[in-house]
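Undergrad: coords below, sequence missing:
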């Protein structure tokens, strides 16, 4: 049973988002702008990095960095329309057309220094809601009703992620966060823009680890087990919804039945492929892992070991070419006849 430790290590390097330094600089800049506003200061502004960058689960190519703008002097009695409009004004005054109002966040465009593409910082305002926080409803038409604020606690999810990454350990690093990156890459390659999204699959991976792993000696074994768990939970999710561990309630917005069925079919296939890979010979197993992890902008994530082709066949070694040319061979023949 081949575990491919070097190939999985290389795959992780291809999957990881290497713009952390630039993202750090960008989100700190936006946070400083928000925290310098006198109007937001009066509302108790306190910003924090959240999302996949905070949890270290972002993958290449990173799309956005999330800034959580906590307004500790406000609660859900405040008008989301008024709160949001102030945040929009503060950021557009600073960034002009680079700041664009979304449904409930403000997106500020940045140019990446690492690669020739753009990424953004998304700033979302939040008010107090009991022991948690609340952000504006995704649908602005609901801002005048009872559901105008939506409960959330992204900082708690970051804490749970770091805690989950303490065990198991492989080669001195936690296995949970790298496995989340593998799962996010697999989802992106095989499902594309279809729902459920990356966070939903991150939570499925969280519950797979939370349930306990039977084998944690390699990423190959862990990934096969996690893919099987995900496939089973996708099938069960219509009647047994996936829970948000930070809020201890079903994840919102819930995927539709059609979305769950399509994702469940694909991940059942991937789980079977992963278990086959654990029992196959080296080259067929490598080809299966290559198909499972797929590609990103850097190319195939899983590099084939030497001596294997993409169809899982062994490649015969190329015979060494003699350093002696035809003239040497002729003289040898002549010597034989002498």
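TA: That came through fine. Source: prediction; values computed, not measured.
Undergrad: when you work out contacts or count neighbours from here on, use the C-alpha atoms and nothing else.
TA: Noted.
Undergrad: in this structure, which spans are strands?
TA: 45-50, 64-75, 99-101, 106-111, 118-129, 132-136, 149-152, 169-170, 173-174, 243-244, 249-250, 295-296, 299-300 (DSSP state E).
Undergrad: so which of these gets nearest residue 35?
TA: Of all those, the one in closest proximity to residue 35, counting by C-alpha to C-alpha, is strand 45-50 (6.1 Å).
Undergrad: I'd like to know which elements the closest one is packed against.
TA: On a contact count with 3 or more C-alpha pairs under 8 Å, 6 or more residues apart in numbering; DSSP states H and E, strand 45-50 meets helix 20-36, strand 64-75, helix 154-164.
Undergrad: go again with 7 Å.
TA: helix 20-36, strand 64-75 (3 or more C-alpha pairs under 7 Å, 6 or more residues apart in numbering; DSSP states H and E).
Undergrad: what are the pairing partners of the last one, and which direction each?
TA: With DSSP bridges as the test, strand 64-75 is paired with strand 45-50 (antiparallel), strand 118-129 (parallel).
Undergrad: comparing those by mean pLDDT, which bottoms out?
TA: Among those, strand 118-129 has the lowest mean pLDDT, at a mean of 93.
Undergrad: lowest-scoring secondary structure element of this structure by mean pLDDT?
TA: The helix or strand of the chain with the poorest confidence is helix 326-337; it has a mean of 36 (mean pLDDT, DSSP states H and E).
Undergrad: rewinding a little: residue 11: which of the strands of the chain is closest?
TA: strand 299-300 (8.4 Å).
Undergrad: which residues are in contact with the closest one?
TA: Here strand 299-300 makes contact (C-alpha atoms under 7 Å, 6 or more residues apart in numbering) with residue 294.
Undergrad: can I see the domain layout of this structure?
TA: 17-152, 154-338 (automatic domain parsing).
Undergrad: just to revisit the earlier point, figure out which of the helices and strands packed on strand 45-50 is closest to residue 175.
TA: Per C-alpha to C-alpha, nearest to residue 175 of the helices and strands packed on strand 45-50: helix 20-36, 19.8 Å.
Undergrad: a markdown table for the domains of the chain, including distance to residue 2 and mean neighbour count?
TA: Formatted as a markdown table, the domains of the chain follow (distance: least, C-alpha to C-alpha, whole Å; neighbours: other C-alpha atoms under 10 Å):
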| stretch | distance to residue 2 | mean neighbour count |
| --- | --- | --- |
| domain 17-152 | 26 | 18 |
| domain 154-338 | 6 | 17 |
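Undergrad: among the ones you listed, which is nearest residue 9?
TA: Of those, nearest to residue 9 by C-alpha to C-alpha is domain 154-338, at 9.1 Å.
Undergrad: any chance of the domains of the chain in CSV with distance to residue 7 as columns?
TA: Formatted as CSV, those follow (distance: least, C-alpha to C-alpha, whole Å):
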stretch, distance to residue 7
domain 17-152, 17
domain 154-338, 6
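Undergrad: how about the strands of the chain in a markdown table, adding distance to residue 199?
TA: Formatted as a markdown table, those follow (distance: least, C-alpha to C-alpha, whole Å):
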| stretch | distance to residue 199 |
| --- | --- |
| strand 45-50 | 13 |
| strand 64-75 | 13 |
| strand 99-101 | 22 |
| strand 106-111 | 19 |
| strand 118-129 | 16 |
| strand 132-136 | 17 |
| strand 149-152 | 14 |
| strand 169-170 | 23 |
| strand 173-174 | 19 |
| strand 243-244 | 10 |
| strand 249-250 | 13 |
| strand 295-296 | 18 |
| strand 299-300 | 23 |
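Undergrad: run through who's touching the lengthiest helix in the chain.
TA: Assignment by DSSP state H gives helix 257-279 as the longest helix of the chain. With contact meaning C-alpha under 7 Å, 6+ apart, helix 257-279 is reached by 1-2, 195-196, 224, 227-228, 231, 234-235, 238, 285, 288-289, 292.
Undergrad: any weak-confidence spans in the stretch 201-338 of the chain?
TA: 318-338 (pLDDT under 70).
Undergrad: pLDDT score assigned to residue 24?
TA: 82.
Undergrad: wait, what's in contact with residue 123?
TA: Shown in contact with residue 123 (C-alpha under 7 Å, 6+ apart): 66-69, 105-107.
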